[in-house]
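Undergrad: I need the structure of the sequence given here:
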Amino acid sequence: MFIFLFLYPIESVIKLIVDYKMKRILITGGTGFLGINLAKKLKSKFKVILGARNNKQNFKAKRVTNCQIIPLDVANINSVRDAVNIVKPNIIIHAAATKFVDLSEKFPFECIDCNILGSSNVARVAIDKKIESVIGISTDKASPPIKNIYGMSKSIMEKTFVSSAQSSKTNFLCVRYGNVAWSTGSVLPIWKEMFEKNKIIYTTGPYMRRFFFSVEEAVNLVTVSLNNRKKLNGKILSVNMGSARMIDILKCWISKYGGKYKIINQRKGDRLDEYLIGNEELKFAYKQIFHGKNYFVIDFNKSSKKPLKKIISSSNTKKLSKKEILKILSFGLNGEE
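TA: Residues are numbered from 1 along each chain as shown. Down below sits the predicted model:
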């Protein structure tokens, strides 16, 4: 191979050698909000390839990341197998998902196909092709008490990956967090679209409390799991995060940007609070320090020697200040998304 490298300019040769030595990461759902931001963070240390079926987003993802993009539909196992055969990844970050709670209730088969069948397909192919590691992106809605189809589908993904870690040589792990501010399917871009139409924001639950995570924090959590993937094999990694009531976010929005809000009927599948770690998970959960910071680890395969004593929910975590809320809002409302 290296004999032919002398036919190319030195800059191209160096790039080819670096790419050859780098571990390869395939990100499913790679042209979504999280996938793009993961690629921007990881591409300096890994050869990142984005897999997605959304052609419209593919052009934007290519422009902002300069990463290779390949067609990938996780609900089709042949598509997953083809992508893995082409990319030959060392690591898969499984971010592809149907995320809308209300649409998952209305169109459950779409949610099941992507979130359950798709995750199963990724796991099967990863085991078959002897992929080193698979990291699943999960959600606080997967924590008990589960109230909707979306949360159940993500819980099944978690259990599938955790179980697969015990019966294969591939490392499987998950990360779990709350709303990534301004990500596809989250409440803020939906509110922004309403606001831009007539300055009215419709809310289904003003007193619901939700965890909020910046995209930088979400990417950092995935990076921690990536750097500690062998130690976290068969486990779920999470970290505490601030929460806010919808009404408090709306008040900050209106005080800064104007407009008003109206309360409408609650969506099917919504719950008042979200849970990072539910009551049934406490005996499997414990704190662990990575890079000088406290994280939560859930290991369903054995009871913890030092289990957590109380649930981690949006009702008992740190409340976001007005300053913190305005910073989150400015990311999307000032054109930074």
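Undergrad: Distance-wise, check the residue nearest the centre of the chain relative to Leu173.
TA: Closest residue to the average C-alpha location of the chain: Ile137 at 4.0 Å, with C-alpha atoms, centre = their mean. As judged by C-beta to C-beta, to the nearest Å, Ile137 and Leu173 stand 11 Å apart. Where C-beta positions appear, they are placed from N, C-alpha and C, glycine not excepted.
Undergrad: One more: Tyr275?
TA: Tyr275 is 20 Å from Leu173, by C-beta to C-beta.
Undergrad: Would you confirm that Phe172 contacts Ser164?
TA: Yes. Counting by C-beta atoms under 8 Å, Phe172 sits close enough to Ser164 to count as a contact (4.8 Å).
Undergrad: Spell out which residues are contacts of both of those two.
TA: Both Phe172 and Ser164 are in contact with 123, 126, 134, where contact means C-beta atoms under 8 Å, 6 or more residues apart in numbering.
Undergrad: got the contact list for the residue nearest to Ser186 when sequence neighbours are not counted?
TA: What sits nearest to Ser186 in space, not counting adjacent residues and going by C-beta to C-beta, 6 or more residues apart in numbering, is Asn179, at 4.9 Å. The neighbours of Asn179, taking C-beta under 8 Å, 6+ apart as the test, are 186-187, 210-213.
Undergrad: Out of those residues, which sit inside helices?
TA: With helices taken from DSSP state H, the overlap with those comprises Val187.
Undergrad: Does anything pack onto the longest helix belonging to the chain? Which helices or strands?
TA: Determined from DSSP H, the single longest helix within the chain is helix 149-166. If you count contacts as 3 or more C-beta pairs under 8 Å, 6 or more residues apart in numbering; DSSP states H and E, helix 149-166 packs onto helix 101-106, helix 108-111, helix 118-128, strand 133-139, strand 171-177.
Undergrad: Go through those and name the closest to Ser155.
TA: strand 133-139 (8.1 Å; C-beta to C-beta).
Undergrad: now that closest one against helix 118-128, angle please.
TA: 170 degrees (axes from the mean of the first three to the mean of the last three C-alpha atoms, to 10 degrees).
Undergrad: Which residues does strand 133-139 contact?
TA: 34, 90-95, 97, 99, 119, 122-123, 126, 150-151, 154, 157-158, 161, 164, 170-178, 222, 225-226, 229-230, 236.
Undergrad: how about a cut-off of 6 Å?
TA: 91-95, 126, 154, 157-158, 161, 171-174, 176, 225, 229 (C-beta atoms under 6 Å, 6 or more residues apart in numbering).
Undergrad: Then stretch 283-298?
TA: 224, 228, 235-239, 277, 281, 299-300, 303-304, 306-308.
Undergrad: Between the two ends of it, how far is it?
TA: Using C-alpha to C-alpha, to the nearest Å, one end of stretch 283-298 lies 9 Å from the other.
Undergrad: which among the contacts of Asn179 gets closest to Leu250?
TA: Of the contacts of Asn179, the one sitting nearest to Leu250 (C-beta to C-beta) turns out to be Val187, at 10.2 Å.
Undergrad: Run through the bridge partners of the nearest residue to the closest one once chain neighbours are set aside.
TA: Residue nearest to Val187 in three dimensions, not counting chain neighbours: Asn179, with 6.9 Å by C-beta to C-beta, 6+ apart. Counting by DSSP bridges, Asn179 is bridged to Phe212.
Undergrad: i'd like the first residue to be 174 from this point on
TA: Right, with 174 as the first residue, what we last looked at is Asn352.
Undergrad: Would you mind measuring from Asn352 to Glu447?
TA: Taken as C-beta to C-beta, the span from Asn352 to Glu447 is 8 Å.
Undergrad: Overlap of the contact sets of these two?
TA: By C-beta under 6 Å, 6+ apart, the residues touching both Asn352 and Glu447 are Arg383.
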